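1. Model the structure of this input:
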Amino acid sequence: TASGEESIPNFVFTYDSVSIELPLQAEVVLGPKIELEELKGKAAPGKESSLELILVNRGDEPAHELKMQARPSPPFLMVENGNEQPKIAPEESASLSLTVFADENLTSGYYALPGRVSYRDGQGGEKRSQDLTLMVFVGEEASSSWLYLGAAGLALLLLAGGFLGLKRLMSGRRRIRIIRS
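-> Residues are numbered from 1 along each chain as shown. Purely as a prediction, here's the structure:
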């Protein structure tokens, strides 16, 4: 509002807070989200070994042309990636194969094998990729024969101890009978 003289007017401003709500329906799409569910197999030092990766899609769209590209890094001297390119629907899994060759002078343990998972998403076929590091156990096959020998030895020891205890118990009863008679 304006007041006062024309040459020197006075202005008064009044503000009101006005808002309007417009409901908007929006669907949020995250796309595929690939995770390692399980790694089957282990590597033997100095030998070629096969591994099986079970990958699962935790996203809300399918992943097409799924590939794993593992890169050789010490102690893995060679890596052959499988040729599979499966499609994984949301909450489903698929298996991929890898062949690795580990250094022969390793101590048993877990070693990191870096790689990259690539796929095309369900909408528009956009190519995506993410890093994935596998923890691979490298070690010799443990022989279980020593377990059987240990169990057999323990059984013999218990049997001998039981026999000697029973013999001593029986000889003690005879003395009691002899003294009483």
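2. could you show me where the helices are in this structure, in order?
-> 145-180 (DSSP state H).
3. In it, where is pLDDT below threshold?
-> Along the chain, the parts satisfying pLDDT under 70 run over 123-124, 141-155, 158, 162-163, 165-166, 169-181.
4. how about the strands in it?
-> Assigned by DSSP state E, the chain shows strands spanning 2-4, 9-11, 34-40, 48-57, 63-70, 76-81, 93-102, 109-121, 127-138.
5. In terms of secondary structure, what does the longest one contact?
-> Counting by 3 or more C-beta pairs under 8 Å, 6 or more residues apart in numbering; DSSP states H and E, the packing neighbours recorded for strand 109-121 are strand 63-70, strand 76-81, strand 127-138. Quick note: C-beta positions are derived from backbone N, CA and C, even for glycine.
6. Tell me which of those sits nearest to Ala2.
-> strand 127-138 (61.7 Å; C-beta to C-beta).
7. follow-up on the earlier one: of the helices and strands packed on strand 109-121, which approaches Tyr119 most closely?
-> Using C-beta to C-beta, the helices and strands packed on strand 109-121 put strand 63-70 closest to Tyr119, at 4.1 Å.
8. Any buried residues in the closest one, and which?
-> For strand 63-70, the neighbour count (16 or more other C-beta atoms under 10 Å) marks Ala63, His64, Leu66, Lys67, Met68, Ala70 as buried.
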